[in-house]
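> need a 3D model of the sequence below.
(chains A and B)
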Protein chains: 2
Amino acid sequence: MRHKFLLSIALLPLFSIAQKTQNFKYIRPLIGTERMGHTFPGATVPFGSVQLSPDTDTISYELDGKYNGKVYEYCAGYQYEDKTITGFSHTHFSGTGHSDLGDFLIMPTTGELFLNPGTATNHAKGYRSAYSHKNEIAEANYYKVKLDDYNITAELTTSQRVGFHQYTFPKSEKSHVILDLMAGIYNHNEKNVWTFVRVENDTLITGYRQTQGWGRTRTVYFAMSVSKPFKSYGFQNNDDKNIYKGFWRKFDQSKNFPEMAGRKLKMYLDFDTNENEKVKIKFALSPVSTSGALENMKAEIPHWDFEKTKNEGQMLWEKELQKIEVETISEEDKINFYTSMYHAFINPTVYMDVDGSYKGLDQNVHKADGFTNYTTFSLWDTYRALHPLFNVIQPKRNADMIKSMLAHYDQSVHKALPVWSHYANENWCMIGYHAVSLIADAVAKNNADFDTNKALEAMISSSNLDYYDGLEYYKKLGYVPEDKNGASVSKTLEYAYDDWCIAQMAKKFGRNDIYETYSKRAENYKNVFDSTVGFMRPKLSDGSFKKEFDPMDTHGQGFIEGNAWNYSLYVPHNPESLIELNGGKEKFSKHLDELFSMNLPDKYFANTEDITRDGIIGNYVHGNEPSHHVAYLYNWTNQPWKTQEKVRMIIKRMYHSGPDGLGGNDDTGQMSAWYIFTSLGFYPVAPGSPDYALGSPLVKKATLRFENGKLLEIDAKNQSDKNVYVKKIELNGKEISKFITHEQLMNGGKLTFYMDKKPSK
Amino acid sequence: MRHKFLLSIALLPLFSIAQKTQNFKYIRPLIGTERMGHTFPGATVPFGSVQLSPDTDTISYELDGKYNGKVYEYCAGYQYEDKTITGFSHTHFSGTGHSDLGDFLIMPTTGELFLNPGTATNHAKGYRSAYSHKNEIAEANYYKVKLDDYNITAELTTSQRVGFHQYTFPKSEKSHVILDLMAGIYNHNEKNVWTFVRVENDTLITGYRQTQGWGRTRTVYFAMSVSKPFKSYGFQNNDDKNIYKGFWRKFDQSKNFPEMAGRKLKMYLDFDTNENEKVKIKFALSPVSTSGALENMKAEIPHWDFEKTKNEGQMLWEKELQKIEVETISEEDKINFYTSMYHAFINPTVYMDVDGSYKGLDQNVHKADGFTNYTTFSLWDTYRALHPLFNVIQPKRNADMIKSMLAHYDQSVHKALPVWSHYANENWCMIGYHAVSLIADAVAKNNADFDTNKALEAMISSSNLDYYDGLEYYKKLGYVPEDKNGASVSKTLEYAYDDWCIAQMAKKFGRNDIYETYSKRAENYKNVFDSTVGFMRPKLSDGSFKKEFDPMDTHGQGFIEGNAWNYSLYVPHNPESLIELNGGKEKFSKHLDELFSMNLPDKYFANTEDITRDGIIGNYVHGNEPSHHVAYLYNWTNQPWKTQEKVRMIIKRMYHSGPDGLGGNDDTGQMSAWYIFTSLGFYPVAPGSPDYALGSPLVKKATLRFENGKLLEIDAKNQSDKNVYVKKIELNGKEISKFITHEQLMNGGKLTFYMDKKPSK
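A predicted model of the protein is given here:
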């Protein structure tokens, strides 16, 4: 399947022109759109507020009143295997394992008008259309597809806050554009709270969609401008029974009536079109108001030149991708590298109008004063490598992200930093209070252009939210007791790491009392280690370890998104101590070897939706995050060459350039950030520390252009797919080993890896 | 019943002190709270944004899936006959025949916690409480009642945007304050669209309630401050089944969790209270945001002095009531007069934050620039006398109301002025486009401090909204055909009057083309007059009159809120022509006599909810508005003394000082404005004209203090309940008869009526 894909896209014109100077041309948005990657193939600019992308099904969260597991596959709206497209919606997460969004689905059609999408097998009776990958092009900020049912060519591009559609119609007196406000990703029957639409004139529509989903109180506003006046239009409210209609009954609101509101609206516009006539749509979003959306549109795309917007967006990508220039062993490596950069630079997204207005967690409108406000913080994933990567290559944005998080803290009634936040909402997904890691990491890396006093206050406050995930017990007992709060071991381990981050921050600012308190909390990982079995193990509130225990199982064992084998290696802030608990360096090395080589029986996959064999090597799970640092732990043993060997193995097995090229959810760029760091030869095992563990670079050469104006050249001498071992490493001619500091990196110069086919034991 | 009420309240201290210098003490908010008046007894300031008042039942719009007629009785939330109070909510219309609002019901309780109101007969199992009128005091901006079930004394007062509660508790460790966000007036199962609450700290709560009701997309924001920290609190969501709860499941949101959102929230606060301990609540509203509500609270009531707020509000009433000083024949007349002024000055209400921010019809936040923004325009009712009264005694506010209506027009996607608008919503209730009458009347009366060019544009645009209520047919045929659009005669007649208003406005500004067009449209009343029967009669689109026709019936006969007898007299802009159609002055007088004296059989009341025998004299319906000018039509015949006789009869029969003292819905002050004009001896038969018809004053003397600094003294010499006829009228010593102009009034001086017990034939 993967091979076939490469073959078919190789026939497209874009691929036949080798333009090596343009990094953005190596971006393949389709990577990760098949199976587990959960990426979307559509158009967006770096950290863009709009992600305009095709959706291929309308999976509901419920099916016959029960959770529909299939919804998980559609986190990004698109699955490569699907044969039909339901339409093009404006908001998508990239790579998440849960979702929301899919706002404002637009679909152009001809012929009989349908306001329901129909089914994949009976698309002739709905608005959806068959399509074929041979008629599909996905580039950075550009997506094109032919809709076979209607003979319409659809093209999509975006600016920061505006989706730009270009539909080439056949000749027809029955051409339509559907705007489905009811459609959405992870939909359920109660998801649409309210939808509101106004037809301002025959080319302009405004409105909003308010949903309760992953974001419990979430509203997105829009302004939609059409290049050609529609000849007629109409509404359908799919939820109008039992609803009080008042004196609106005096109107026929279904046809050419310019205002509609209700829970589940759909609308359509009618056109006469000539052969090959282009109907263009600019669809602006705002977190604040329809007037904000209109202003965003006027400011960003005051014209109807689709190519111009497309090119401008592609140049924005090029600018970002120029920050790291690589030479690779193969073209596929280069595709993977730049697509990883692309995926790493999609989320978090800018969340404010052109005038800086955004909706806060308190649902009030705030102004971002002196910073760019961002949303979509999947922090349990991204504290590990994505934000550390930003501290290297996007320091300005990362500081603004932290400012956005501090604004969230100010607005939070819990007085807590974000856990997993998006669109003026905290969704409380996953565990830990890893925002503290981001802050500590930025401070450790001298990228602290924010109020560090407030930040420390916020970190302390977040780590004392007693009603959060067993924290009250953790503070009292030194661990989360499994009988009081599930996934207790994962929580204990992650809290301990987070507490270490707070301690580092306090130390830096001379707050010794805090440093001591949190340094003590940081050792709590010891409380859940059972030396009799050699694993971290759930403990009960009476102090005893839970009896039933299967270290290979991920369910009901005290862990989340990982089993004891993987999570027991999670003490990123103190690998030495972890090794000691595990009986010393030698024993620990063997333990790691076993992890990578053992066979995990099938039964452990039975109830797991977010991990498949694709993302696993032995019992090492790369598709989920808790193990992302694990291959680097060999650096703390006497066998650092095994880090080199393993990371090169992982990078080759887990990343490919086909649609199924990601072995797990990209998780808003965390998987990609791991790829980038690892490709360059270093990795932040413990964010909050200025140190990186050195591995084995995948690139032959790389030039990193830092915002401080300095350049770092990475040179992997004698690089090849077989020469995965590092004989020697030099920084500006001086030999270093196993570790490098952030300061050393940011001072620039030359980092040379001498590669070899044999390990340097 | 009425008598008993007067007796019982006469025992209260307030009534025993005659403070003649303080007009506000004549205000009896209880007038109209029994049966048809639909007024509320609670606290508010003039044109106040908050109307904090007790609600006595929780009637739902539906009962077993069908319309529940009883909901109509609860337009203002309170019915005097009821024996229990469910709580105190913050928004109420005054006197409407339809409703909405009732936002944020607060109820103090002790003992077992109930979060449902219970029923009137089983109030022990709900939070509602029995109460007795003997423990009830209702004054301007002050309401007090003892809640018998809990031994709690409740007191209410307000500032412009803040409700101030003072609850005197008994000693209890189980004292509670319930905040029911689900409760509302005219509730139905789908009404609550979303509710959102944050416990900011142990004395401050913020949130909002979004509803779909009469206002289809309506949100009210609040900030609630409590004088004493609550010891615990909790939430209940009455709509949590089948709702996706996401990762919020990890919390127990029912108890001491500071954030909640859902469709149907209720919450409670717990306190320990000592004997007679006062717990006070300041509850601020905003049309825009919770932060706006908090700013409103800080600006208006920065303290906890209940008496101060009460007194300040009462002084605001006194200031308004000082504008007309009256001497009356009886104390009851004075009570009725000042209570009429009170009721006339409740709606429209100020609709903006202290900083001028308000939500517009487009749901965007706007700033009122250079004017005070008002909402709640019940224009079909109030164009007749309320706004004309404002042009006399509240010109500045009336001009601001018109500016508010022009802002509505700017925000309207229909490019139409308001019909019946409230809280950023057009609810399209009733008929006509009477906003044009308000504007034309303000212009005719030189109170045009607004953009008159835009106003004329808006008037023309409103009168050409083809999809509105048969207007397309009206423009084509000169009448609304009954087979195409119901209530066709009422619509035709009212459009014709409105068109005359537009014509007057155009004439004033020298726009002759418009004047001619609309003067022609203004004659369309002739098209529905059937001279063979002597009534206005529904006509079909083929030009024939509808065959079945009962001029006494109000249903299905082409009329709304009136029958042919009443509506056939509706040509306010051209009584001469109406009289001619009816066969001349003599015949017309007799026709009017018959109206007032005939017997309307019981069957005509069977299906009528908004009119009862209370509001009818013969077949003259005072309880609904279309006849409000009718008694004055005798002025155009040779028997003006019959106007004098009839208005004095109507005023005595339709207005009393008991709770059942209003013969029909007060309709946001229209009934009261009729009372005020009529009491003073003149009435605006055709708003848009500068002329008033002179009647027979009820007062002995009156002094009108105009905003232009001038005084008009009205002196009814030889006044008594028997001397209802006017022998002679002098303005500044010069005799006038039957009519007076606005200019004459506003120049001030002395208007003397010489009263007599016999008519001057």
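
> max-length helix in chain A?
Taking DSSP state H as the criterion, chain A has its longest helix at helix A:488-508.

> ok, then the element right after that one?
Proceeding N to C from helix A:488-508, the next assigned helix or strand is helix A:512-521, under DSSP states H and E.

> chain center to that following helix: distance?
Offset of helix A:512-521 from its chain centre (CA atoms, centre = their mean, to the nearest Å): 33 Å.

> could you find the closest non-adjacent residue to A:His204?
Heads up, residue A:204 is Leu, not His. Distance criterion CB to CB, 6 or more residues apart in numbering or on different chains; nearest residue to A:Leu204, sequence neighbours excluded, is A:Ser225 at 5.4 Å. Every residue, glycine included, has its C-beta placed from N, CA and C.

> what's the helix or strand for that neighbour?
Secondary structure from DSSP H and E places A:Ser225 in strand A:218-226.

> how many residues are close by the closest residue to chain B within the stretch 651-761 of chain A?
In the stretch 651-761 of chain A, no residue comes nearer to chain B than A:Asp667, which is 15.9 Å away by CB to the nearest CB. Residues near A:Asp667, counting by other CB atoms under 10 Å in any protein chain shown, number 30.

> repeat that for A:Glu735.
A:Glu735 has 10 neighbours, counted by other CB under 10 Å.

> what residues are bridge-paired with it?
A:Glu730 (DSSP bridges).

> tell me if I'm right that it and A:Ile729 touch.
Yes. Applying CB atoms under 8 Å, one finds A:Glu735 in contact with A:Ile729, separated by 6.7 Å.

> write out the residues of the stretch 201-350 of chain A neighbouring chain B.
A:206, A:208, A:210, A:212-214, A:216-217, A:242-244, A:246-248, A:250-252, A:256-259, A:261-263, A:289-291 (CB under 8 Å from any CB of the partner chain).

> can you tell me which of those residues are in helices?
Using DSSP H, these in helices are A:290-291.

> now intersect the residues of the stretch 201-350 of chain A next to chain B with the strands, please.
Under the assignment DSSP state E, these contribute A:206, A:208, A:210, A:259, A:261-262 to strands.

> want to throw those into CSV with neighbour count?
Putting those into CSV (neighbours: other CB atoms under 10 Å in any protein chain shown) gives the following:
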residue, neighbour count
A:Thr206, 25
A:Tyr208, 24
A:Gln210, 20
A:Glu259, 22
A:Ala261, 22
A:Gly262, 26
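
> quick check, nearest of those to A:Ile460?
The nearest member of these to A:Ile460, counting by CB to CB, is A:Gln210 at 34.8 Å.

> what's opposite the closest one in the beta bridge?
Taking DSSP bridges, one obtains A:Trp194, A:Thr219 as the residues bridged to A:Gln210.

> ok, now which ones touch it?
Neighbour list for A:Gln210: A:192-195, A:217-219, B:194 [criterion: CB atoms under 8 Å, 6 or more residues apart in numbering or on different chains].

> in these, find the pair that's most separated.
Greatest spatial distance among the contacts of A:Gln210 (CB to CB): A:Thr195 and A:Thr217, at 14.9 Å.

> those two - which one has more neighbours?
The neighbour comparison of A:Thr195 against A:Thr217 (other CB under 10 Å) goes to A:Thr195, with 26 against 23.

> looking at it, the more buried one is touching A:Arg209, isn't it?
Yes. Between A:Thr195 and A:Arg209 a contact is recorded at 5.1 Å, counting by CB under 8 Å.

> okay, and the common contacts of the two?
A:Leu181.

> OK, contacts around the closest residue to chain B within the stretch 501-650 of chain A?
Using CB to the nearest CB, A:Ile560 is the residue of the stretch 501-650 of chain A that sits closest to chain B, at 11.3 Å. Residues counted as contacts of A:Ile560 (CB under 8 Å, 6+ apart) are A:430-431, A:487, A:490, A:554.

> can you pull up the most central residue in chain A?
Against the mean C-alpha coordinate of chain A, by CA atoms, centre = their mean, the closest residue is A:Thr668 at 1.0 Å.

> so how far is B:Tyr409 from the residue in the stretch 101-250 of chain A that chain B sits nearest to?
Nearest to chain B, among the residues of the stretch 101-250 of chain A, is A:Phe247, at 3.9 Å (CB to the nearest CB). Counting by CB to CB, to the nearest Å, the gap from A:Phe247 to B:Tyr409 is 19 Å.

> again, but for A:Gln504
A:Gln504 is 61 Å from B:Tyr409, by CB to CB.

> those two - which one has more neighbours?
Using other CB under 10 Å, the more surrounded residue of A:Gln504 and B:Tyr409 is A:Gln504, with 25 against 22.

> which residues sit in contact with that one?
A:Gln504 touches A:440, A:443-444, A:688-689, counting by CB under 8 Å, 6+ apart.

> can you pick the most crowded of the residues you listed?
A:Ala440 (29 neighbours).

> excluding chain neighbours, what is closest to A:Leu745?
Ranked by CB to CB, 6+ apart and with sequence neighbours excluded, the top spatial neighbour of A:Leu745 is A:Leu712, at 6.0 Å.

> go on, A:Lys280?
A:Ser227 (3.9 Å).

> same deal with A:Ile185?
Going by CB to CB, 6+ apart, A:Ile185 has A:Gly102 as its nearest residue, at 3.4 Å.

> surely that neighbour is in contact with A:Pro54?
No. A:Gly102 lies out of contact with A:Pro54 (CB under 8 Å); the separation is 10.9 Å.
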